[in-house]
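Asks: Mind folding the following:
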Amino acid sequence: MAIYFAPIARLLGDLVVCLQPLQQLIESGEEVRLVVRSESQIGLAECVPGLAGYIKESEFLERLSTNESLDAFRRLLGEHQHGKGDDYAFTQDRAELVATGLNQDTLFNYREHPLQTDFVWGAPEFNAKYPGYRIAHVIEEISATFGVEYDRSLFRPLLCNPVPELKSSTILIPGTASPIKSWPTRSWIELYQILKARGEKCILIGEPAKNDQVQDLLDAGIPWMSTPSLSEAINILSSAARVVAVDTGLMHLAVHQGVNTIAMFRHNAFFARDYSHVQNLFADPCDNECHAQEYSHKPNGCVFYSSWDNEQSNAFWADMRCLSTSGKECMSSITVGSVLKAIDRSVIRVGVSRAKSRKDRSRQDAGAPGIEPNLKERKVAKIEAGRMPALPGSNRT
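Replies: Residues are numbered from 1 along each chain as shown. Model (predicted):
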């Protein structure tokens, strides 16, 4: 019997913020397989110790579509998508219905929950119903519904190969899937020049071929390190003294690895994560037109992605730019001075102490930073509902 785990959405960061419940399932001894929703998530899946395997969502759905015993599940899903709303929420009655004929494997789809489907996260309607909610609250509540243990304070850093020469470095991460979340190029250059004058080593990471701002900063003379694979990016992040980044997947990875992180967000604080090693900086609200475009897109109603066309799926965010008529970009209100103050507050440490070398694939030792001494004794609740048949062609051991 296996558990198939599908994260909240398609981007890298969407999987990173789900790593804690995913890893706690693995730690419980369950056979856990990841339903990946994009190429970037495949790269991360290959870095998660103990994961039994992964499958592309499009292939996963294709296999399920040939299985007649999923008819009841699909009918229930259709009822939800056509307006049942909270009536469809994860009640015991629904659980028993789904369990009928679905009695082998389990699917935990973190998109299939009213917290995801009812409103766009961060929209006024969402904030009115769930005041103060951030991504950790959503993951915690969805996990509780599925019966998955989730301790937001417990991190299991991914394995890495340390890069000793980076132990006192500041990693700069300007790249993001949406230009509207970008910090101005001039601000990055000013920050780098000040840190360089102070004798601090800075390293830029990102993909120049895919992000014009990364290329512009590289052209401006900021030292850059290539990250041809996600595992190499994890090596760099895990080895640094600190990371300065916009709201992007690599920023969330730095948080997961326990690295001192200065994270810059627009006005929407939903994806900010509150930990002692993280300092969150927020921009002032932008013009109404800018906010309106953000919430004009309603991706929350989709609980499965039947297509593997990631460019088409993310086109809305990739094309989103600040619409302010004041001449100031969304993120420009975050000053270089505020970032420098956050850097000065951060505690320099050797990042590699938080993550074991890939040469040592044993579990984190009890008592290591971020790991509770009784980690191996922790039990993860099992859910008896939501069972589904074995997937044809699955390579179980």
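Asks: which regions of the stretch 1-150 of the chain sit below the pLDDT cut-off?
Replies: For the stretch 1-150 of the chain, residues meeting the criterion pLDDT under 70 lie at 64-104.
Asks: which residues in it form strands?
Replies: 2-6, 31-36, 53-56, 105-109 (DSSP state E, counting those that start in this stretch).
Asks: Tell me which of these sits nearest to Ser169.
Replies: The minimum distance between Ser169 and the strands of the stretch 1-150 of the chain falls on strand 31-36, with 30.7 Å, by Cβ to Cβ. Using the backbone N, CA and C atoms, a C-beta is placed for each residue, glycine as well.
Asks: For the closest one, output the C-alpha coordinates as CSV.
Replies: What follows is strand 31-36, C-alpha atoms only, in CSV (Å, rounded to 0.1, in the frame of the first residue of the first chain):
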residue,chain,number,x,y,z
GLU,A,31,5.7,4.1,1.1
VAL,A,32,5.3,7.6,-0.2
ARG,A,33,5.3,8.5,-3.9
LEU,A,34,5.1,12.1,-5.2
VAL,A,35,2.8,13.2,-7.9
VAL,A,36,4.9,15.9,-9.5
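Asks: what packs against that strand?
Replies: strand 2-6, helix 19-27, helix 39-45, strand 53-56, helix 57-65 (3 or more Cβ pairs under 8 Å, 6 or more residues apart in numbering; DSSP states H and E).
Asks: Any chance of those in TSV with distance to Arg134 and mean neighbour count as columns?
Replies: Shown next, in TSV, are the helices and strands packed on strand 31-36 (distance: least, Cβ to Cβ, whole Å; neighbours: other Cβ atoms under 10 Å):
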stretch	distance to Arg134	mean neighbour count
strand 2-6	21	23
helix 19-27	14	23
helix 39-45	21	20
strand 53-56	27	18
helix 57-65	25	17
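Asks: quick one, which of those is nearest to Phe119?
Replies: The closest of the helices and strands packed on strand 31-36 to Phe119 is strand 2-6. By Cβ to Cβ, the value is 20.0 Å.
Asks: Parallel or antiparallel, list what pairs with that closest one.
Replies: When pairing is defined by DSSP bridges, strand 2-6 lines up against strand 31-36 (parallel), strand 105-109 (parallel).
Asks: Lys167: which of those strands is closest?
Replies: When the strands paired with strand 2-6 are compared (using Cβ to Cβ), the closest one is strand 31-36, at 31.2 Å.
Asks: Report the inter-axis angle for the closest one versus helix 19-27.
Replies: 150 degrees (axes from the mean of the first three to the mean of the last three Cα atoms, to 10 degrees).
Asks: Pull the residues that contact strand 31-36.
Replies: 1-7, 15, 22, 25-26, 41-42, 45, 48, 50-57, 60, 107, 109, 396 (Cβ atoms under 8 Å, 6 or more residues apart in numbering).
Asks: what's the angle from it to helix 57-65?
Replies: 120 degrees.
Asks: Pull out the buried residues from strand 31-36.
Replies: Residues of strand 31-36 classed as buried under the neighbour-count rule (16 or more other Cβ atoms under 10 Å) are Glu31, Val32, Arg33, Leu34, Val35, Val36.
Asks: Out of those residues, flag the one nearest to Glu149.
Replies: The nearest member of the buried residues of strand 31-36 to Glu149, counting by Cβ to Cβ, is Val32 at 13.0 Å.
Asks: buried ones in stretch 262-276?
Replies: Ile262, Ala263, Met264, Phe265, Arg266, His267, Asn268, Phe270, Phe271, Ala272, Arg273, Tyr275.
Asks: and the two most separated of those?
Replies: Maximum pairwise distance among those (Cβ to Cβ): 21.0 Å, between His267 and Tyr275.
Asks: could you pull out the helices for the stretch 201-350 of the chain?
Replies: Counting by DSSP state H, counting those that start in this stretch, the stretch 201-350 of the chain has helices at residues 212-219, 230-239, 249-256, 288-296, 310-313, 315-318, 336-345.
Asks: Go through those and pick out the most buried.
Replies: Neighbour counts (mean count of other Cβ atoms under 10 Å) averaged over each of the helices of the stretch 201-350 of the chain peak at helix 249-256, with a mean of 26.
Asks: Poorly predicted segments of the stretch 201-350 of the chain, please.
Replies: Residues of the stretch 201-350 of the chain that meet the cut-off, pLDDT under 70, sit at 287, 289, 291-298, 309-327, 347-350.
Asks: how about Leu172, phi and psi?
Replies: phi -110, psi 130 (degrees, to the nearest 10).
Asks: neighbours of it, just the number please.
Replies: Leu172 has 25 neighbours, counted by other Cβ atoms under 10 Å.
Asks: Which residue, other than its chain neighbours, is closest to it?
Replies: Nearest residue to Leu172 in three dimensions, chain neighbours excluded: Leu204, at 4.9 Å (Cβ to Cβ, 6 or more residues apart in numbering).
Asks: List the residues that contact the one you found.
Replies: Leu204 touches Ile171, Leu172, Pro174, Val214, Leu217, Leu218, Ile222, Pro223, Trp224, Met225, counting by Cβ under 8 Å, 6+ apart.
Asks: still on that earlier bit, with distance to Val138 added, can I get the helices of the stretch 201-350 of the chain in TSV?
Replies: Supplementary listing: those in TSV, determined by distance: least, Cβ to Cβ, whole Å:
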stretch	distance to Val138
helix 212-219	29
helix 230-239	24
helix 249-256	14
helix 288-296	17
helix 310-313	20
helix 315-318	19
helix 336-345	26
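Asks: so which of those helices comes closest to Cys330?
Replies: Smallest distance to Cys330 across the helices of the stretch 201-350 of the chain (Cβ to Cβ): 6.3 Å, for helix 288-296.
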